[in-house]
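In: Predicted model, plus sequence, below.
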There are 2 protein chains.
Amino acid sequence: MPPLPTGAELEILAVLWRLGPSTVREVYAALDKNSGYTTTLKQMQVMTEKGLLTRSERYRSHVYEAVAPMEDTQQQIAGDLLRRAFGGSAANLVLGALKAQPASDEDLAEIRRVLKEFEKRERSR
Amino acid sequence: MPPLPTGAELEILAVLWRLGPSTVREVYAALDKNSGYTTTLKQMQVMTEKGLLTRSERYRSHVYEAVAPMEDTQQQIAGDLLRRAFGGSAANLVLGALKAQPASDEDLAEIRRVLKEFEKRERSR
DNA sequence: AGCTTTCTACGATCTTTCTCGTTGACATAC
DNA sequence: GTATGTCAACGAGAAAGATCGTAGAAAGCT
């Protein structure tokens, strides 16, 4: 089982999820950090060594891409936090998230949809 | 704004939330890590320096306690993760959490209650 | 060919986190 | 009063993470 991505790694992953396969420079530009280009480059190299990213040549530059699908990584992170910080209480996690960043009506509807879906699957077991 | 607790710090906080004010030895016993007693002690001393814990004398030993209420810390953590790993999508967070650790019926009901409550507050603005 | 730009690769440093061994204080037991 | 046990304090070390400076390869331009 791969270790969870660190904070800086997570930010890079988030950019790649959003933009799809990208060069280092594109990721660097999308990051609003005040660290240098080589820092981002190094980070992505390390992540590639770890197996978090893959790299393919394209003309002159290298294009990086997340190995694991976003959903898998998000699930791992959510599960880890649930255990570690919320004593396994999903309700507390939801509550914390909503308080921290009020959700829009669409978000709320989406959450309800997710709940229904989950409930249905649960009931059929 | 205080920096978010690290992984090891979070585990200690979780124990203190669960047990209430405790001595180092109690926390250490509740932790199922394979590190030594002094490691936990040192960690808690550092956390006290950082302002995460408070300490009060009790007879011979010291009793530690989390400074910030659990809810506040959880909210901070959830918000941070929401931004960093989930692109602000609370629905994805909920989905990830449910997939990672299927919730019981009570949990689901609790989540729905939280949603309703939040919605009501939202509507009255 | 020589210069400029745009990349990646490498190595070094700095900081934070994590871990533990040792010490000394204090109390209780013998 | 010596021994034993329990605890906090201290300092040191290892490990991981984050940051950057410099070098080197490849392409394009004049």
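Out: Noted; the coordinates are in hand. Worth saying up front: this structure is predicted, and the values here are computed from it rather than measured. Numbers count the residues shown, from 1 in each chain, chains lettered A, B, ... in the order given.

In: residues contacting the closest residue to residue A:30 other than its chain neighbours?
Out: Once flanking residues are discounted, residue A:30 sits nearest to residue A:15: 4.6 Å by CB to CB, 6 or more residues apart in numbering or on different chains. Bear in mind the C-beta positions are built from the backbone N, C-alpha and C, glycine included. Residue A:15 is in contact with A:22, A:27, A:30-31, counting by CB atoms under 8 Å, 6 or more residues apart in numbering or on different chains.

In: Residue A:15 belongs to a strand, doesn't it?
Out: No. Counting by DSSP: H, G, I helix; E, B strand; the rest coil, residue A:15 is located in no strand; its state is helix.

In: And it, how far from residue B:86?
Out: In this view, residue A:15 and residue B:86 are 14 Å apart by CB to CB, to the nearest Å.

In: same deal with residue A:38?
Out: As for residue A:38, its distance to residue B:86 is 28 Å (criterion: CB to CB).

In: what about the two, which has more around it?
Out: Per other CB atoms under 10 Å in any protein chain shown, whichever of residue A:38 and residue B:86 has more neighbours is residue B:86, with 24 against 10.

In: So the more buried one sits against residue B:94, correct?
Out: No. The pair residue B:86 / residue B:94 is not scored as a contact, 9.6 Å apart, by CB atoms under 8 Å.

In: For the residue nearest to residue A:30, report the pLDDT, please.
Out: The per-residue pLDDT reported for residue A:15 equals 95.

In: Could I have the CA atoms of the helix-or-strand element of chain A with minimal mean pLDDT written out in CSV?
Out: Scoring the helices and strands of chain A by mean pLDDT, DSSP states H and E places helix A:105-123 at the bottom, with a mean of 88. Only the C-alpha atoms of helix A:105-123 are listed here, as CSV (Å, rounded to 0.1, in the frame of the first residue of the first chain):
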residue,chain,number,x,y,z
ASP,A,105,-27.4,24.3,-3.4
GLU,A,106,-26.1,22.2,-6.2
ASP,A,107,-23.5,20.7,-3.9
LEU,A,108,-26.1,19.9,-1.3
ALA,A,109,-28.2,18.2,-4.0
GLU,A,110,-25.2,16.3,-5.1
ILE,A,111,-24.5,15.2,-1.6
ARG,A,112,-28.0,14.0,-1.2
ARG,A,113,-27.8,12.1,-4.4
VAL,A,114,-24.6,10.4,-3.3
LEU,A,115,-26.3,9.4,0.0
LYS,A,116,-29.3,8.0,-1.8
GLU,A,117,-27.1,6.0,-4.1
PHE,A,118,-25.1,4.7,-1.3
GLU,A,119,-28.2,3.7,0.7
LYS,A,120,-29.6,1.8,-2.2
ARG,A,121,-26.5,-0.2,-2.6
GLU,A,122,-26.4,-0.8,1.1
ARG,A,123,-30.0,-2.0,1.2
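
In: wait, does it contact chain B?
Out: Yes. Using CB under 8 Å from any CB of the partner chain, we find that helix A:105-123 touches chain B at A:107-108, A:110-115, A:118-119, A:122.

In: Kindly report the same for stretch A:44-59.
Out: No. For stretch A:44-59 and chain B, the contact criterion (CB under 8 Å from any CB) is not met; the two come no nearer than 13.4 Å.

In: nearest spatial neighbour of residue A:88, skipping sequence neighbours?
Out: Nearest residue to residue A:88 in three dimensions, chain neighbours excluded: residue A:82, at 5.9 Å (CB to CB, 6+ apart).
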